[in-house]
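Undergrad: sequence and computational prediction follow.
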Amino acid sequence: MVQTVDRLFVHCRELVTLADGPGAGPRRGAAMQQLGVVADGAVAVHEGRIVATGPTEAIARDYRAAEELDLSDYVVLPGFVDCHTHPVFARTREVEFHLRCAGADYMAIAAAGGGILSSMRAVREVSLDELAERTLRHLWGFAAHGTTTVECKTGYGLSLADEEKSLLALQAAIGQVPLTCKRTFLGAHEFPPEYRADREAYVRLLCEQMLPRLAKLADYCDVFAEPGVFDRTQTLRILSAARAEGLRLRLHADELTPMGGAELAVELHADSADHLGRISDAGIAALAASDTVGVLLPGTIFFLGKPHYAPARRMIEAGCAIAIATDFNPGTCYTQSMPLIASIACTQMKMSAEEVITCMTINPAFSLQLDGEVGTLHPGKRADLCVLDIPSWRAIGYALGGNPVAMTIKNGNPIVANVTERDPDWFAGGADLAPR
Ligand SMILES: [Zn+2]
């Protein structure tokens, strides 16, 4: 019996379904290798959801559609899930980048009024409409690089009024872009200048005024836990207050200094512990025994020119559930490209292409409680696809710095097409030269 559906995507050179493993839950260790690759693959889509995947021959036999899109020679993955970004900002910080390239240290620039505080001044100066417009443009940048689900943090307002403006701008932007977005309140990103002399008062403001008023505009609360910023006790108070307001938790942890951030995230049952460049052995053990996802952000270490990438190999071997994300922000990682992050993860953290793909799809989806909806190409999930102009999934980190995304498909609809002339080198037979 032939079933009629809305749309068929056919003749994918490789369709990477991840459907060999479970549709939900994070993947750890050896399970991160299960890509479920279908050669000459096809996807049947109805009402925005995946109905079936398989070889084109079988799908074309069982399904008929008014619209059929031929994706010959493209590699198709689940749309990327970027689970750590800071897109609600008003101005770029290239002057600071120029200073850093000339030798200035990031923390020294921050101490001189640059860094997060310079983004704070910019957010406070612009109108809600302008901030929404900038944020919308940033969100489209993710879509242009194959991302269909994004976690978006505030954190450049740092006052009740300006964090509210940031959350409202984010909400307005989300309403105008066809992406699945989660909203994270990051009022505890830094202490604003007016509270530098009385940090305790800012923690009280966060717990007693900002969270009760703003929680309804967010899904998550996050804190930048780092010595000199929010210490362990303050972090615990803020996240406990956030949970009491019904928010789920994420945590910037152990980025520059080990302070037990990963352990704290596990203790609080946070959905993620992020950065982890300085995670301790105890932190790795705690994470491995939990469902808290370690979100690694190698683009930031690369962009800052620092040496301490998160110990991805040790974390994978210990059984931690990990993900990778862009950390897109105006200061320490100005990219919306998950393929670029894949390159850095492969080369600097020694992750395999299979692990990287798992860490860009199902694992970040789990960290956002969206693993039942996105992250693999199981039937019933959203038809979110990333169409790549590469010869094989093995090339996920290979096209260094370019944008290999030919098309981004959200809920079965192409939302971005970057299709240009194909690179003939891709199909000149390089795959046949693979070592045997
Ligand atoms: Zn961040």
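TA: Structure received. Just so we're clear, the structure is a prediction, and the values are computed from it rather than from any experiment.
Undergrad: check whether Ala242 sits in a helix, strand or coil.
TA: Look at Ala242: counting by DSSP: H, G, I helix; E, B strand; the rest coil, its state is helix.
Undergrad: spit out the contact partners of it.
TA: 185, 211, 215, 221, 249 (CB atoms under 8 Å, 6 or more residues apart in numbering). Yep, even glycine has a C-beta here, placed from its N, CA and C like the rest.
Undergrad: what residue, apart from its backbone neighbours, is nearest Gly277 spatially?
TA: In space, and not counting its chain neighbours, Gly277 is closest to His308: 4.5 Å by CB to CB, 6 or more residues apart in numbering.
Undergrad: and that neighbour, how many neighbours?
TA: Neighbour count of His308, defined by other CB atoms under 10 Å: 12.
Undergrad: quick one: contacts of the helix or strand of the chain with the lowest mean pLDDT?
TA: Between all helices and strands in the chain, the lowest mean by mean pLDDT, DSSP states H and E belongs to helix 106-111, at a mean of 80. Contacts to helix 106-111, defined as CB under 8 Å, 6+ apart, come from residues 96, 99-100, 115-117, 256, 304, 331-332.
Undergrad: go with 6 Å
TA: 96, 115, 304 (CB atoms under 6 Å, 6 or more residues apart in numbering).
Undergrad: next: stretch 86-102.
TA: Contacts of stretch 86-102 (CB under 6 Å, 6+ apart): 109, 114, 119, 122-123, 126, 131, 134-135, 138, 152-154, 156, 166, 170, 329-331.
Undergrad: partner residues bridging the closest residue to Tyr220 other than its chain neighbours?
TA: In space, Tyr220 comes closest to Thr184 once its chain neighbours are excluded; the distance is 4.0 Å by CB to CB, 6+ apart. Beta bridges link Thr184 to Lys153, Tyr220 when assigned by DSSP bridges.
Undergrad: start the count at 132, not 1, going forward
TA: All right, first residue 132 from here; so that's Thr315.
Undergrad: surely Thr315 touches Asp353?
TA: Yes. The pair Thr315 and Asp353 passes the contact test of CB atoms under 6 Å, sitting 5.0 Å apart.
Undergrad: which of those two has more neighbours?
TA: Set Thr315 next to Asp353 and count neighbours by other CB under 10 Å: Asp353 wins out with 30 against 27.
Undergrad: picking up where we left off before, would a markdown table of the contacts of Ala373 with neighbour count, distance to Leu291 and pLDDT be doable?
TA: Shown next, in a markdown table, are the contacts of Ala373 (neighbours: other CB atoms under 10 Å; distance: CB to CB, whole Å; pLDDT from 0 to 100):
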| residue | neighbour count | distance to Leu291 | pLDDT |
| --- | --- | --- | --- |
| Phe316 | 30 | 11 | 98 |
| Leu342 | 25 | 10 | 98 |
| Ala346 | 19 | 13 | 98 |
| Cys352 | 29 | 15 | 98 |
| Leu380 | 22 | 21 | 98 |
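Undergrad: out of the residues you listed, the closest to Ala155 would be?
TA: Leu380 (20.2 Å; CB to CB).
Undergrad: the host helix or strand of the closest one - contacts with which helices or strands?
TA: Per DSSP states H and E: Leu380 is located in strand 379-384. Strand 379-384 is packed against strand 351-354, helix 392-398, strand 403-406, with contacts defined by 3 or more CB pairs under 6 Å, 6 or more residues apart in numbering; DSSP states H and E.
Undergrad: show me which of the contacts of Ala373 is closest to Arg445.
TA: Nearest to Arg445 among these, with distances taken as CB to CB, is Leu380, at 24.4 Å.
Undergrad: okay but the closest one is in contact with Ala401, surely?
TA: Yes. Between Leu380 and Ala401 a contact is recorded at 3.9 Å, counting by CB under 6 Å.
Undergrad: any stretches of the protein with poor pLDDT?
TA: 551-552, 554-555, 557-567 (pLDDT under 70).
Undergrad: rerun at 80
TA: 237-238, 242-244, 550-567 (pLDDT under 80).
Undergrad: center of it, which residue is that?
TA: Asp213 (1.7 Å; CA atoms, centre = their mean).
Undergrad: distance of it relative to Val424?
TA: Distance of Asp213 to Val424, given as CB to CB, to the nearest Å: 13 Å.
Undergrad: can you check Gly392 too?
TA: 14 Å.
Undergrad: likewise for Gln134?
TA: For Gln134, the distance to Val424 - CB to CB - is 36 Å.
Undergrad: out of those two, which sits in the more crowded spot?
TA: Each of Gln134 and Val424 has its neighbours counted (other CB under 10 Å); Val424 has more, 27 against 12.
Undergrad: quick one, phi/psi of the nearest residue to that one once chain neighbours are set aside?
TA: Spatial nearest neighbour of Val424, excluding adjacent residues (CB to CB, 6+ apart): Ser498 at 3.8 Å. Taking degrees, to the nearest 10, you get phi -70, psi -20 for the backbone angles of Ser498.
Undergrad: cool, thanks, signing off.
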